[in-house]
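A.B. asks: make a model of this:
(one chain, ligands or ions: 1)
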Amino acid sequence: MQYCPKCKTEYEDHATMCVDCEVALVPNLEEHTFMKDLVRVKINDSENMIKYLEYSGITKYEKVKEKDTYLLKVAQEDYEKAVTYLNVFIHENMEETDPEDYYLDEYTSEVVDTKAKVSDMKSTVLTFGFVGTGILLLAFLNFFDIVPIPGFNKLMLTIVFGVLGVIFVGIAVKTQAGIGDAAEQVNSKEAELDDMATGYKFKYSMENFYKEHKIKTDGLDEGALYFLVFDLLKKEVKKMYPKAADTIINTVVERLYEEI
Ligand SMILES: [Zn+2]
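C.D. replies: Just a heads-up that it's a prediction; the model follows:
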């Protein structure tokens, strides 16, 4: 019997290729390590990257020479770990390089700022309220000849200023009325995030985080350590809350990180 290492379909002995996956068949699935494409890296940069991955425990890898790059493959079971260490390596050593050159797995860290909306609303209230009141005051002062504005028809100016002022103040009042609801939303979102963070902390002792995850902190700068811890936390929080959006997960992870 022959097997496809990718889709695991069985074939007769005389077969050599999987018709679906177009990969070579192997006689024994258990002894076969399926390699997964990790990254394409310029040959000049590859030596240090490979050293770093080896040092981090990624020992099963293949180098496939392409034009002026190597395609680096790692064993499927090491893939996730390799991506994490790769991120660290890139962060530490290759930040100036064009990301198109090496990145396979894009790192996204969009964070939900639940408070921004409320503070935006507050500044809208202030601005529109202030300007609107000012315009109304001008209309009033002009209409009663206290501070006459020369060169314009008094009634027209009063109407135009009055309408503008009422619109501005109206926007301020309407926004102010919405702040309560928005603030409540922020509070319930905050509570949800807190619950998620507490749920995670309950599961793991944060003091032992480095130990539990066998993170070698020697030689890692703060930024690289952040990437590494962030990725690990993200995977674990995601496992706990598989349905939560990435933005929520990221926010929870930011909070957890600050508490480590
Ligand atoms: Zn197959």
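A.B. asks: from here on, contacts and neighbour counts on C-alpha atoms
C.D. replies: OK.
A.B. asks: for the ion, what are the nearby residues on this structure?
C.D. replies: 4, 7, 18, 21 (CA under 5 Å from the ion).
A.B. asks: which ChimeraX command selects the buried ones in the residues you listed?
C.D. replies: To isolate the buried ones among those in ChimeraX, judged by 16 or more other CA atoms under 10 Å, type:
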select :4,18
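A.B. asks: same list (the residues of the chain next to the ion) but as a markdown table, adding pLDDT and secondary structure.
C.D. replies: Shown next, in a markdown table, are the residues of the chain next to the ion (pLDDT from 0 to 100; DSSP: H, G, I helix; E, B strand; the rest coil):
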| residue | pLDDT | secondary structure |
| --- | --- | --- |
| 4 | 86 | coil |
| 7 | 81 | coil |
| 18 | 88 | coil |
| 21 | 81 | coil |
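A.B. asks: make CSV from the residues of the chain next to the ion and add distance to residue 138 to it.
C.D. replies: Formatted as CSV, the residues of the chain next to the ion follow (distance: CA to CA, whole Å):
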residue, distance to residue 138
4, 82
7, 77
18, 82
21, 77
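A.B. asks: which of the residues of the chain next to the ion lies closest to residue 255?
C.D. replies: Here the nearest of these to residue 255, counting by CA to CA, is residue 7; it sits at 40.0 Å.
A.B. asks: would you list the phi and psi of the closest residue to the closest one other than its chain neighbours?
C.D. replies: Spatial nearest neighbour of residue 7, excluding adjacent residues (CA to CA, 6 or more residues apart in numbering): residue 21 at 7.4 Å. Main-chain dihedrals, residue 21, degrees, to the nearest 10: phi -90, psi -10.
A.B. asks: ok, of the residues of the chain next to the ion, which one's closest to residue 258?
C.D. replies: Nearest to residue 258 among the residues of the chain next to the ion, with distances taken as CA to CA, is residue 7, at 42.2 Å.
A.B. asks: which regions of the stretch 51-200 of the chain sit below the pLDDT cut-off?
C.D. replies: Low-confidence segments of the stretch 51-200 of the chain (pLDDT under 70): 94-115.
A.B. asks: let me see the ranges of the strands in it.
C.D. replies: 61-65, 69-75 (DSSP state E, counting those that start in this stretch).
A.B. asks: what's residue 29 sitting at in phi/psi?
C.D. replies: Torsion angles, degrees, to the nearest 10, at residue 29: phi -70, psi -40.
A.B. asks: just the one 5 residues further on next, same as before
C.D. replies: Backbone geometry at residue 34, expressed as degrees, to the nearest 10, gives phi -80, psi 120.
A.B. asks: same thing with residue 244?
C.D. replies: Here residue 244 shows phi and psi, under degrees, to the nearest 10, equal to phi -70, psi 140.
A.B. asks: what helix or strand does the closest residue to it other than its chain neighbours sit in?
C.D. replies: Nearest residue to residue 244 in three dimensions, chain neighbours excluded: residue 238, at 7.4 Å (CA to CA, 6+ apart). Here residue 238 sits within helix 222-240, counting by DSSP states H and E.
A.B. asks: the helix or strand that that helix is followed by - what's its average pLDDT?
C.D. replies: Per DSSP H and E, helix 222-240 leads on to helix 246-259 as the next helix or strand towards the C-terminus. Across helix 246-259, the average pLDDT comes to 76.
A.B. asks: ramachandran angles for the residue of the chain most remote from its centre?
C.D. replies: Most distant from the centre of the chain: residue 145, at 59.2 Å, with distances by CA atoms, centre = their mean. When read as degrees, to the nearest 10, the backbone of residue 145 gives phi 60, psi 20.
A.B. asks: tell me the spacing between it and residue 242.
C.D. replies: 68 Å (CA to CA, to the nearest Å).
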